[in-house]
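Asks: no sequence for this one, just the structure:
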């Protein structure tokens, strides 16, 4: 393995590529997986593959929450400004506040539709009572209207309010089927479509420039959310079994 040294000149960097036939790969930051977690990921991913074969992934409603802040999001490794003339430093700086204003959003999606975005008020902790209220007030009516008598399955992450006994009892009563915390692979944002795709789509559209207010951020999120098509949802959800298979083949380890 050849590591890049910032002091190495450009021509030297071409040697591994041209003369040795090597390709450059960037380091990836990810959560550390201990062996017990790897084994659980592999076992549970295999179980979900069997459970949701024959395109049954299209009956799953995936849910998740994410914090967005009003500042500009950027990747210092990949994002570049192309210009004919040299830019002043001030034109290249993306200022970041220590504690920017932010908003929490929660949303479920499936291959055929998405719920409206649910905004959580600033300072509100999503405990079991708040979460159960979101399910009763926003999600269950949406699911009844969308699915009717069709079978569907609900997936949530393992946040404390989600896995509380009262929450699980409600889900067992209201959902035709749901994926319990004992069936979902641990440490697996790489397996939830919202984490591996949807949130990135929103961030790229909404946070390319900073927002002056939280209300501006909310309106931009709603607009970007509404622009996500059913075709996009279906494609992203159909990647779910492929990613389960990749997880199994990676022995429960990282696969991207």
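Replies: Okay, I see it. All figures in this text were calculated on a predicted structure; none of them were measured in a lab.
Asks: so after the lengthiest strand in the chain, what's the next helix or strand?
Replies: Of all the elements of type strand in the chain, the one with the most residues (DSSP state E) is strand 60-69. Counting by DSSP states H and E, the next helix or strand C-terminal to strand 60-69 is strand 102-109.
Asks: what kind of secondary structure is the spatially most central residue of the chain in?
Replies: Centrality entry for the chain: nearest residue to the mean C-alpha point is residue 195, 1.0 Å, by Cα atoms, centre = their mean. Classification of residue 195 into helix, strand or coil gives helix, according to DSSP: H, G, I helix; E, B strand; the rest coil.
Asks: Can you pull out the residues in contact with the helix or strand harbouring residue 144?
Replies: Secondary-structure assignment from DSSP H and E places residue 144 in helix 140-147. With Cβ atoms under 8 Å, 6 or more residues apart in numbering as the contact definition, helix 140-147 has outside contacts at 61, 108, 110, 112-113, 115-116, 152, 154, 174-175. All C-beta spots, glycine's among them, are computed from the backbone N, C-alpha and C.
Asks: Could you pull up phi and psi at residue 151?
Replies: Taking degrees, to the nearest 10, you get phi -80, psi 140 for the backbone angles of residue 151.
Asks: So that it lines up with my notes, have the first residue be 507 from now on.
Replies: Done: numbering now begins at 507, and the last item shifts to residue 657.
Asks: got a list of what it touches?
Replies: Residue 657 sits in contact with 565, 682-683, where contact means Cβ under 8 Å, 6+ apart.
Asks: Among these, name the buried ones.
Replies: residue 565 (16 or more other Cβ atoms under 10 Å).
Asks: Save the contacts of residue 657 as TSV, and put in distance to residue 706 too.
Replies: As requested, the contacts of residue 657 are exported to TSV (distance: Cβ to Cβ, whole Å):
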residue	distance to residue 706
565	24
682	30
683	28
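Asks: Out of the contacts of residue 657, which comes closest to residue 714?
Replies: Distance to residue 714, by Cβ to Cβ, is smallest for residue 565 among those, at 34.3 Å.
Asks: Fine, thanks again, bye for now.
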